[in-house]
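Visitor: Turn this into a structure:
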Amino acid sequence: MHVFVATSQTQGSQPDDHYCCLDGELVIWDTPGDAQHESGDNCECLTGFFGAYSGGRSTTALVADDPGMTEEDLLQIVRQALIEETGGAEGAETITRTLADLAARLDPGDIVDRDRTKLVRRSSANEATFPLVPFGFEAGGAR
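Guide: Below you'll find the predicted structure:
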């Protein structure tokens with residue numbers, strides 16, 4: 001299964017890059033935090049990922065192949081991360097499904113960053129974008 005993990009690779013190539021995760025830890029995006037912002041806000045939770053273990057933030061994620069990971073395993077990790085980050089696990093199933101679907105569409109070794117409602121592949125000369133599935137709210141006015 002392809003998953004998103006924290007990476008320090010390509011950090012510093014963009015002026016707003018930040019990295020406070022553990023290299024290789026699973027990362028997810030802060031969907032509950034997204035819903036609390038206006039479309040013009042520039043909060044880190046709108047433009048990055050957070051570490052499932054450390055809770056640290058990163059603007060980049062690496063697509064990794066983890067043959068031992070199942071979607072149920074990922075769901076349990078997402079639930080626990082959301083509980084620690086927000087106090088509840090609301091949306092964990094949707095986030096897990098979206099993480100799995102998006103990671104499966106990318107190649108291991110791809111490095112992506114997040115710009116609100118899309119992922120941008122940094123490691124490719126062709127910056128293909130993939131729309132994120134909204135989690136029951138308008139993110140930056142886009143669906």
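Visitor: pull the helix or strand with minimum mean pLDDT from this structure.
Guide: strand 129-131 (a mean of 49; mean pLDDT, DSSP states H and E).
Visitor: can you pull out the helices in this structure?
Guide: If DSSP state H is used as the criterion, the helices of the chain fall at 31-34, 71-86, 92-104.
Visitor: Ok, which of these comes nearest residue 115?
Guide: Nearest to residue 115, of all those, is helix 31-34, at 12.3 Å by C-beta to C-beta. C-betas here are computed from N, CA, C, even on glycine.
Visitor: List the buried residues in stretch 62-75.
Guide: 62, 63, 64, 69, 74, 75 (16 or more other C-beta atoms under 10 Å).
Visitor: Spatially, what comes nearest to residue 89 if we skip its sequence neighbours?
Guide: residue 79 (4.3 Å; C-beta to C-beta, 6 or more residues apart in numbering).
Visitor: how many neighbours does the closest residue to residue 92 other than its chain neighbours have?
Guide: Spatial nearest neighbour of residue 92, chain neighbours left out: residue 79 (4.4 Å); criterion: C-beta to C-beta, 6+ apart. If you count neighbours by other C-beta atoms under 10 Å, residue 79 ends up with 19.
Visitor: Many thanks, I have nothing further to ask.
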